[in-house]
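Asks: pasted the sequence and its predicted model underneath.
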Amino acid sequence: MHLLPLYLHLTLLTLGNAFLLTLVAVYLNAQGTSAAQIGLVGSAFYLGMFGASFFADKFIQSLGHVRALVLCCITLALAAVALTWTHLLPLWLLLRVIAGVAAAIGFVAVESWVLGVAPLHQRSRSMARYMLVYYFSSGISQLFIDWIPLSGLLGFGLAASLCVLSVVPLYWTQRPDLTDDDAINVTVSAKPPRSERALGLVGCLVAGMLLGVLAALMPIQLQQLALNDEVGLYMAWLVLCGMAFQLPNGALSDKFGQKNMMAVQTVMIGVGCLLLWEFDDKRILLLALALLGAGGFTLYPTTMAYACGKLNGRALVKMTQKLMFFYSLGSLTGPMMAGMMLERQQSGLFLFVILLMTSWGLWLLLMRLFSNKPVGTTI
């Protein structure tokens, strides 16, 4: 219950930021901007997120979680409003980079906050609730596109207002005590073996590649399967299944272990892609997308909870930053690699995901072999 104000903050901030992500592309397209330039502006945001992963922990450590979140919200709002002041592409790129930096710091702050105040045996459930709030807010934000006139500047004002309003719930939040010296001393002795943290970091890289591919290229792959009129419905079903499995995945991860759930998710994703590749029946298509969504959208919170182990204090914030770095790297590289494969053959996306999951499964097996033989104490 003590995290409800934080989840309300996350809801409002995600509504504004996720809506702005779509609004920027739609607005530029309505202004006659080329597809290449629209893609460049979209990439600028993720470039900012990638850059922020190098210093987010120091920023949060110096300001504290609450002040860091307030500053990030205000920065996102100002960057949204500033987009209405100019049509120069270089300035739009700069503003989207700044917005990406602010968003990344906000994610690191919220995720480390959620993990830091959760009991160690319930961290997977806490991350599941966090992801459920995030995905739900992201989905609802897309409805604004149909409600708000896109030719004017009202949409940018709405996005900025939501970002500013997200500051209000922080007044009632219970401040996380993540800088206590005793807590930090505990975390140093409680660090998991290097192999375990490496598994979590690589898992976040794989999750970033997978989710980046699903968001950017799955609609195109579905169109190539002659599902033009139903792409939106199938994408909604994919995300809905991912949302529905968040809470069960969190409970199962806490009960049976995150590593076991990673193996289950890997199998679900691989089987889902194989079914999509081999069968045309719509009932099988729904089952395949359900498996792909349920496994794909829960891989990130599971690997994150696993990588953080029993960390607390600043060590937890630093690990969250590293996870953001690997996730951002995967989000940047995955769509590029899958796009090249999709150009060469009709089912290139499915082939990419299957190869990705095979490699990830082999990495899981390799790390299991080292689970009782730690190869270091730092990463």
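Replies: Received it, and whenever you're ready, just let me know what you need. Numbering: from 1, shown residues only.
Asks: so where's the stretch 1-150 of the chain shaky on pLDDT?
Replies: For the stretch 1-150 of the chain, residues meeting the criterion pLDDT under 70 lie at 1, 35, 150.
Asks: what about 80?
Replies: Low-confidence segments of the stretch 1-150 of the chain (pLDDT under 80): 1-2, 29-30, 35-36, 39, 142-143, 145-150.
Asks: what is the burial count for the residue nearest to residue 24 when sequence neighbours are not counted?
Replies: Distances taken as CB to CB, 6 or more residues apart in numbering put residue 41 closest to residue 24, at 6.2 Å, once the chain neighbours are dropped. For every residue, glycine as well, the C-beta is placed using N, CA and C. For residue 41, the count of nearby residues is 19 (other CB atoms under 10 Å).
Asks: if I look at residue 41, how far off is residue 26?
Replies: Distance of residue 41 to residue 26, given as CB to CB, to the nearest Å: 12 Å.
Asks: what's the first helix or strand after the host helix or strand of residue 233?
Replies: Assigned by DSSP states H and E, residue 233 belongs to helix 231-244. Using DSSP H and E, the helix or strand that directly follows helix 231-244 along the chain is helix 246-256.
Asks: what helices or strands is the helix or strand following that following helix leaning on?
Replies: Next helix or strand after helix 246-256 toward the C-terminus (DSSP H and E): helix 258-278. Where contact means 3 or more CB pairs under 8 Å, 6 or more residues apart in numbering; DSSP states H and E, helix 258-278 is packed against helix 194-224, helix 246-256, helix 282-308, helix 348-369.
Asks: rewinding a little: residues touching the residue nearest to residue 24, list them.
Replies: 24, 25, 28, 89, 92, 93, 96 (CB atoms under 8 Å, 6 or more residues apart in numbering).
Asks: list the ones among those residues that fall in helices.
Replies: 24, 25, 28, 89, 92, 93, 96 (DSSP state H).
Asks: buried ones among the residues you listed?
Replies: 24, 25, 28, 92, 93, 96 (16 or more other CB atoms under 10 Å).
Asks: what about the second one, distance to residue 227?
Replies: For residue 25, the distance to residue 227 equals 22 Å [CB to CB].
Asks: what packs against the helix or strand hosting residue 124?
Replies: Using DSSP H and E, residue 124 maps to helix 123-141. Applying 3+ CB pairs under 8 Å, 6+ apart, one finds that helix 123-141 contacts helix 4-30, helix 89-117, helix 231-244, helix 246-256, helix 282-308.
Asks: run the last query once more with 6 Å
Replies: On a contact count with 3 or more CB pairs under 6 Å, 6 or more residues apart in numbering; DSSP states H and E, helix 123-141 meets helix 4-30, helix 89-117, helix 246-256, helix 282-308.
Asks: let's see that helix as PDB, backbone CA atoms only.
Replies: In PDB, the C-alpha atoms belonging to helix 123-141 read as follows (Å, rounded to 0.1, in the frame of the first residue of the first chain):
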ATOM      1  CA  ARG A 123      11.000  -8.500  -5.400                       C
ATOM      2  CA  SER A 124       9.700 -10.300  -8.400                       C
ATOM      3  CA  ARG A 125       6.100  -9.600  -7.400                       C
ATOM      4  CA  SER A 126       7.000  -5.900  -6.800                       C
ATOM      5  CA  MET A 127       8.500  -5.700 -10.300                       C
ATOM      6  CA  ALA A 128       5.500  -7.500 -11.800                       C
ATOM      7  CA  ARG A 129       3.200  -4.800 -10.300                       C
ATOM      8  CA  TYR A 130       5.500  -2.100 -11.600                       C
ATOM      9  CA  MET A 131       5.500  -3.500 -15.100                       C
ATOM     10  CA  LEU A 132       1.700  -4.000 -15.000                       C
ATOM     11  CA  VAL A 133       1.200  -0.300 -14.100                       C
ATOM     12  CA  TYR A 134       3.700   0.700 -16.800                       C
ATOM     13  CA  TYR A 135       2.200  -1.400 -19.600                       C
ATOM     14  CA  PHE A 136      -1.400  -0.400 -18.700                       C
ATOM     15  CA  SER A 137      -0.500   3.300 -18.700                       C
ATOM     16  CA  SER A 138       1.300   3.000 -22.000                       C
ATOM     17  CA  GLY A 139      -1.700   1.300 -23.600                       C
ATOM     18  CA  ILE A 140      -4.200   3.800 -22.300                       C
ATOM     19  CA  SER A 141      -2.000   6.700 -23.500                       C
END
